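Asker: Test case, fold it:
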Amino acid sequence: MRAAWPCAVCGAAGAAKYRCPRCAAAYCSVPCCRAHKERCTPEPERERSAAGEAFPGGANRAGQHAGESEELRGLLLNPHLRQLLLTVDQAEDKSSLMKKYMQEPLFVEFADCCLRIVEPPEKENILPE
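Answerer: I've put the predicted structure just below:
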């Protein structure tokens, strides 16, 4: 079940379906999104991570590669996986839910794909043919 959040712009109770990517404010509609966008002040931590400063060593570059991964894009088109990810995002006990979902082959495939993007296999560990 989805948590009911009030819209940060118009205040409609339980109507917020979307979140601002810069500051995480919840809003309910396109007009509220536009109104929020005009006065959005991002949290300092989010702004630094968007600029790549919060992740020394190039972890932000891995995020850029994630957008280029056809395999990841294909997985994210799966409505079942998307529902699983939404459920984890909204869960209070994310750890327990992650353990449960790691039993699902689709979720494991998604996790493995993400790990290959963030930590590509080292060439030194590959035996020559």
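Asker: how about stretch 70-90: buried residues?
Answerer: Neighbour counts over stretch 70-90 (16 or more other C-beta atoms under 10 Å) mark 72, 75, 81, 84 as buried. Using the backbone N, CA and C atoms, a C-beta is placed for each residue, glycine as well.
Asker: out of those residues, who's nearest residue 106?
Answerer: residue 81 (5.4 Å; C-beta to C-beta).
Asker: show me what contacts the closest one?
Answerer: Contacts for residue 81 (C-beta atoms under 8 Å, 6 or more residues apart in numbering) come out as 75, 106, 107, 110.
Asker: Report the buried members of the residues you listed.
Answerer: With neighbours counted by 16+ other C-beta under 10 Å, the contacts of residue 81 contain buried members at 75, 107, 110.
Asker: Can you work out which other helices and strands pack against the strand or helix carrying residue 113?
Answerer: Using DSSP states H and E, the element containing residue 113 is helix 105-118. For helix 105-118, the elements it packs on are helix 59-66, helix 70-76, helix 79-90, judged by 3 or more C-beta pairs under 8 Å, 6 or more residues apart in numbering; DSSP states H and E.
Asker: what angle do that helix and helix 79-90 make?
Answerer: Per axes from the mean of the first three to the mean of the last three C-alpha atoms, to 10 degrees, the angle that helix 105-118 makes with helix 79-90 is 70 degrees.
Asker: Going forward, the N-terminal residue is numbered 4.
Answerer: Let's use 4 as the start, then, which means that last one is helix 108-121.
Asker: any weak-confidence spans in this structure?
Answerer: Within the chain, the stretches with pLDDT under 70 are 4-7, 45-70, 124-132.
Asker: at 90 what do you get?
Answerer: Across the chain, the ranges flagged by pLDDT under 90 are 4-33, 35-76, 78-79, 91-98, 116-132.
Asker: which residues touch the strand or helix carrying residue 34?
Answerer: Taking DSSP H and E as the definition, residue 34 sits inside helix 33-42. Residues outside helix 33-42 that contact it (C-beta under 8 Å, 6+ apart) are 10, 11, 12, 13, 21, 23, 28, 30.
Asker: Phi and psi next, for the second one.
Answerer: The reference is to residue 11. Backbone torsions of residue 11, given as degrees, to the nearest 10, read phi -70, psi -10.
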